[in-house]
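Participant: got a sequence here, can you model it:
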Amino acid sequence: SIEPHELPAEAALRELEEETGLRLDTLWVLPFVGMYYDVVHNTINAVPCFAGIVEHSTTITLSREHSAYAWLTLLEAQNCLRIPSHRQACLSFYDALLHPLERGESSLCALYRRA
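Facilitator: Numbering: from 1, shown residues only. Prediction:
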C-alpha cells in the first residue's frame, strides 16, 4: 500500500523492489485506472497502473509474499488473470507501451523517473 508521504509511482517502485528485488528507475504511467470495491471499508478505489520494462534474463528475488513467478506473453498473462480489470490493464500495457515500442515509435504513456 501507499505510505503517507509517497506518490503512487513511488509506492509502485518500492513495492516492486520489495517483492521482486527489481530496482527500476523508470515507470510508464498507463492510460488505465483499475477500480475495485473494498467491502471492509465500503469504498470504491481507483488504482493507477504503471509499467516497467526489464530483460527476461533479469534475476528475480521473490519476497516471502510470493512463491513463484513466470515470464508470460500477453495472451498467457491475460489467461492467468481472473479479474477483468487486470486483463484490461495488460491490454493497455501492450497497446499503449509495448506495441508502439515494437514498431519503433514513441509511446504515448507518461514517464515517471525516480528522483
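
Participant: elements contacting the biggest helix by length in the chain?
Facilitator: Using DSSP state H to define each element, the chain has its longest helix at helix 8-20. Counting by 3 or more C-beta pairs under 8 Å, 6 or more residues apart in numbering; DSSP states H and E, the packing neighbours recorded for helix 8-20 are strand 26-38, strand 43-51. Every residue, glycine included, has its C-beta placed from N, CA and C.

Participant: just checking: what are the partner strands of the last one?
Facilitator: In other words, strand 43-51. strand 26-38 (antiparallel) (DSSP bridges).

Participant: ok and the partner strand relative to helix 8-20, angle-wise?
Facilitator: Angular relation of strand 26-38 and helix 8-20 on a 0 to 180 degree scale: 90 degrees, by axes from the mean of the first three to the mean of the last three C-alpha atoms, to 10 degrees.

Participant: mind listing what's buried in strand 26-38?
Facilitator: 27, 28, 29, 30, 32, 34 (16 or more other C-beta atoms under 10 Å).

Participant: export these to TSV and tack on distance to residue 100 and pLDDT?
Facilitator: Listed next are these as TSV, based on distance: C-beta to C-beta, whole Å; pLDDT from 0 to 100:
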residue	distance to residue 100	pLDDT
27	16	94
28	11	95
29	14	95
30	12	95
32	15	95
34	21	93
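
Participant: of all these, which comes closest to residue 54?
Facilitator: When these are ranked by distance to residue 54 (C-beta to C-beta), residue 27 comes first, at 11.6 Å.

Participant: right, and that closest one touches residue 9 too?
Facilitator: Yes - Residue 27 lies in contact with residue 9 (C-beta atoms under 8 Å); the separation is 5.4 Å.

Participant: just the pLDDT for the residue lying farthest from the centre of the chain.
Facilitator: Within the chain, residue 42 marks the point farthest from the mean C-alpha position, 24.9 Å out by C-alpha atoms, centre = their mean. Looking at residue 42, its pLDDT is 98.

Participant: for stretch 36-43, what is the distance to the chain centroid?
Facilitator: 22 Å (C-alpha atoms, centre = their mean, to the nearest Å).
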